[in-house]
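>>> got a sequence here, can you model it:
(one chain, ligands or ions: 1)
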Amino acid sequence: MQSAQTMALNELKNIREARSAELERRRAELRGISSEYAAIEDDLQRAGNNLLRSVLNGGKDFDKIKDIIQSKQREKAALLRSLDLPGDYLDEKYNCDICRDTGFDDGGKKCGCLKELTAKYVIANSNMSEMMKEQTFENFDFSLFSPVPGPNGNAGLDIAKSAYDKAKAFADDIDRGGNILLKGGVGTGKTYLSSCIGNRALETGKTVYYQTAYKLCELLENVRFGKSDSEETEQAQSIKTYAEEADLLIIDDLGTEFLTQFTAAALFDLFGTRLMNRRATVISTNISFKTMDERYSARLTSRILGEYSVIKMPEGDLRRKKYE
Ligand SMILES: [Zn+2]
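Presented below is the predicted three-dimensional model:
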């Protein structure tokens, strides 16, 4: 996966190239149907070369050549009109007049259009689905949680509120590079709350990468064992780099991945790298700490997941089903 800005610059390059090709096509076509047009173009080409030579020779005949160019351009415009073509038929038309679709203004500063385009690719790179993009703190529906205390004395609603507040504080401070372990069963809103965090981070211009633990382990395996020159392996490698470097990484459903000694080590390597570089990570899981210790080795889980703040989702309220 390329960086969002590289992708945005590529798109601008494609726009410029498509336009050049189209203008070239129009010129060639006109030359084919009008010998008069071809002659004017040739004259303009010659005059342009003469003008350049004049500049290099200290400006000799500069004004005279300029007059020739202007008169030829008027001739060309009249010819286009006689062919029922608009006067700007052969002009460069930019999507953005500030940077002429280069992405940078004359002072070399990033243009607004490049920033906008980059933001579009940051969102695409996040790998969050259309449905997940609707799952925001603003859309969070507390009415799905029961206000009645359960057998353990806590009401689902109170637990949900506490989880929401912690998640929101975390999402508003991604730069701190904190870590969250979201714990809860199926249908308790783990993915929903992860999406809320991801969307808030995207809104504030952070780079985000969302992936299920299952799919992430597949990618890590591919990086390690895939054919080194295949496109798939290259793609997996660039996604792995993105997962290491994104401002926020969200791993959904830890514990559902196909586990080998290699994937366990690679997965916790990734978590460790992010911890070391102080990059924010959210992991959601349905498995208990005991199962984690058995699955990944107590050494790994205590060293890595020991650094995570735990957020518990309320258990066992069927009305919450809507959230997953
Ligand atoms: Zn621009």
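
>>> now do the end-to-end distance for stretch 272-280.
Criterion Cα to Cα, to the nearest Å; first-to-last residue distance in stretch 272-280 is 12 Å.

>>> now find how far off-centre it is within its chain.
Here stretch 272-280 is found 20 Å from its chain centre; the criterion is Cα atoms, centre = their mean, to the nearest Å.

>>> need the residues that contact that stretch.
Around stretch 272-280, the neighbours that count as contacts under Cβ atoms under 8 Å, 6 or more residues apart in numbering are 170, 174, 176-179, 201, 244-249, 281, 303-304, 307. For every residue, glycine as well, the C-beta is placed using N, CA and C.

>>> could you do stretch 93-111 as well?
Counting by Cβ under 8 Å, 6+ apart, stretch 93-111 makes contact with Ala8, Leu9, Leu12, Ile15, Arg16, Arg19, Glu92, Gly112, Cys113, Leu114, Leu117, all of which sit outside it.

>>> in space, what's closest to the residue sitting nearest the centre point of the chain - neighbours in sequence excluded?
Among the residues of the chain, the one closest to the centroid is Val122, at 1.9 Å (Cα atoms, centre = their mean). Leaving aside its chain neighbours, Val122 sits nearest to Ala4 (4.3 Å; criterion: Cβ to Cβ, 6 or more residues apart in numbering).

>>> just checking, that neighbour touches Glu116?
No - under the criterion of Cβ atoms under 8 Å, Ala4 makes no contact with Glu116, lying 11.2 Å away.

>>> ok, these two, which is more surrounded?
For Ala4 versus Glu116, the count of surrounding residues by other Cβ atoms under 10 Å is larger for Ala4: 20 against 11.

>>> phi, psi for the more buried one please.
For Ala4, the backbone dihedrals (degrees, to the nearest 10) come out as phi -60, psi -40.

>>> could you do Cys99 as well?
Backbone torsions for Cys99, taken as degrees, to the nearest 10, come to phi -110, psi 0.

>>> that one: neighbour count?
Other residues within reach of Cys99 by the criterion other Cβ under 10 Å amount to 19.

>>> can you check Ala28 too?
By the measure other Cβ under 10 Å, the count of residues near Ala28 is 9.

>>> which residues of the stretch 1-150 of the chain lie near the ion?
For the stretch 1-150 of the chain, the residues in contact with the ion (Cβ under 5 Å from the ion) are Cys96, Ile98, Cys99, Cys111, Cys113.

>>> next, format those as JSON lines and append secondary structure, distance to Glu231 and pLDDT.
Below are these laid out as JSON lines (DSSP: H, G, I helix; E, B strand; the rest coil; distance: Cβ to Cβ, whole Å; pLDDT from 0 to 100):
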{"residue": "Cys96", "secondary structure": "coil", "distance to Glu231": "32", "pLDDT": "95"}
{"residue": "Ile98", "secondary structure": "coil", "distance to Glu231": "36", "pLDDT": "95"}
{"residue": "Cys99", "secondary structure": "coil", "distance to Glu231": "32", "pLDDT": "96"}
{"residue": "Cys111", "secondary structure": "coil", "distance to Glu231": "32", "pLDDT": "96"}
{"residue": "Cys113", "secondary structure": "helix", "distance to Glu231": "30", "pLDDT": "95"}
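
>>> okay, now Leu305: neighbour count?
20.

>>> ok, it to the ion distance?
From Leu305 across to the ion, the span is 45 Å (Cβ to the ion, to the nearest Å).

>>> for the remainder of this discussion, apply numbering that starts at 31.
Got it, first residue is 31 now, which makes that one Leu335.

>>> just to revisit the earlier point, what sits against the residue nearest to Val152?
When contacts are counted by Cβ under 8 Å, 6+ apart, Ala34 touches Thr148, Ala149, Lys150, Tyr151, Val152, Ala154, Asn155, Thr237.

>>> with adjacent residues omitted, what lies nearest to the third one?
Across the structure, with Cβ to Cβ, 6+ apart as the measure, the residue nearest Lys150 apart from its sequence neighbours is Ala38 (7.4 Å).

>>> in the stretch 181-330 of the chain, what residue comes closest to the ion?
Nearest to the ion, among the residues of the stretch 181-330 of the chain, is Gly235, at 18.3 Å (Cβ to the ion).

>>> now the helices: where do they sit in the chain?
Shown for the chain, the helices assigned by DSSP state H span residues 34-63, 65-86, 92-112, 142-155, 160-163, 186-201, 220-233, 243-255, 261-275, 291-306, 319-326, 328-334.

>>> which strands and helices sit next to the fifth one?
Think helix 160-163. Using 3 or more Cβ pairs under 8 Å, 6 or more residues apart in numbering; DSSP states H and E as the contact criterion, the elements in contact with helix 160-163 are helix 220-233.
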